[in-house]
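Engineer: What follows is a protein structure lacking sequence information:
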């Protein structure tokens with residue numbers, strides 16, 4: 001990608017440099033037992049020798065769920081489902097076209113009602129993958145960029161005979177393609193990232209179709225505003241487990257939004273935001289706050305222009 005300077009909002013910025021850092025500008029999401037949520041800005045690869053570590057803490061809770069007909073219902077006996085989740089996400093540019101990925105989860109999953117509380121704590125699905133720079137689509141030219149990604153998820157927990165499982169179990173393999181581009185929004189550099197893929201699962205979990213969209217805008221004073229949308233649609237080839245749980249089926253759908261604000265503090269950035277479930281099937285309905293810290297390494301040590 002060329003390094004032609006472009007003008008915007010009274011300042012000069014390198015489009016190439018801006019595109020390189022956008023690989024680190026949309027992270028996220030966490031979930032309820034059978035319905036984990038994730039999102040990535042997947043269209044950009046990291047420059048060779050550069051990367052980022054993002055640590056996020058997520059607090060989700062809900063007193064309602066979506067039934068098999070997508071309708072909301074109140075958990076019985078004043079029930080409340082909750083997930084406290086720590087996520088460590090790592091990207092590293094092995095070459096300018098090939099980025100290696102690591103995505104690691106530590107989960108506390110629980111359900112509380114009038115009859116008591118059940119809870120489980122431990123490591124979730126640990127994910128490893130690679131992203132390769134590709135043409136965005138045949139009819140799209142620059143400044144559009146594209147990439148394809150392979151992700152493998154490995155469970156590190158027991159599923160059977162556990163009242164609050166830390167995941168659906170089985171090995172997951174996901175194939176994804178993404179496109180994205182920078183642009184000016186009212187004089188502020190912004191980006192849009194669109195990706196879609198399919199995730200195959202062994203064991204009890206259903207295969208999934210996944211779509212993610214992320215948008216970000218660089219504001220004043222080192223702030224970045226981010227909005228993220230995600231959709232998971234299972235292929236209904238999973239099973240139900242833990243029949244006492246109102247949201248026990250691995251055949252689920254989930255639509256959610258996520259909003260956050262990042263503030264650059266020297267080479268690192270801090271993040272605070274809120275996520276909310278919008279629609280679903282056989283899964284919980286809730287939301288909660290999250291915070292994070294973004295730590296770049298290699299290169300200049302700065303993730304934003």
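Structural biologist: Okay, I see it. The structure displayed is predicted, hence computed values, not measured ones.

Engineer: can you pull the buried residues of the helix or strand encompassing residue 102?
Structural biologist: Taking DSSP states H and E as the definition, residue 102 sits inside strand 98-113. Of all the residues in strand 98-113, those buried under the rule 16 or more other CB atoms under 10 Å are 98-99, 101, 103-112. All C-beta atoms are positioned from the backbone trio N, CA, C, and that covers glycine.

Engineer: Summarise which helices and strands that strand is packed against.
Structural biologist: Counting contacts by 3 or more CB pairs under 8 Å, 6 or more residues apart in numbering; DSSP states H and E, strand 98-113 is packed against strand 80-93, strand 116-123, strand 125-134, strand 145-155.

Engineer: Out of those strands, the one nearest residue 264 is which?
Structural biologist: Residue 264 lies closest to strand 80-93 among the helices and strands packed on strand 98-113, at 17.9 Å (CB to CB).

Engineer: Which strands border that closest one, and is each parallel or antiparallel?
Structural biologist: Sheet pairing of strand 80-93 (DSSP bridges) gives strand 51-66 (antiparallel), strand 98-113 (antiparallel).

Engineer: most remote residue from the protein's center?
Structural biologist: Going by CA atoms, centre = their mean, the residue of the chain most distant from its centre is residue 115, 33.9 Å out.

Engineer: tell me the phi and psi of that one?
Structural biologist: phi -100, psi 0 (degrees, to the nearest 10).

Engineer: For residue 84, grab the count of nearby residues.
Structural biologist: Residue 84 has 18 neighbours, counted by other CB atoms under 10 Å.

Engineer: in this protein, what secondary structure element scores lowest on mean pLDDT?
Structural biologist: strand 5-8 (a mean of 24; mean pLDDT, DSSP states H and E).

Engineer: Turn the strands paired with strand 80-93 into JSON lines, including mean pLDDT.
Structural biologist: Listed next are the strands paired with strand 80-93 as JSON lines, based on pLDDT from 0 to 100:
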{"stretch": "strand 51-66", "mean pLDDT": "96"}
{"stretch": "strand 98-113", "mean pLDDT": "95"}
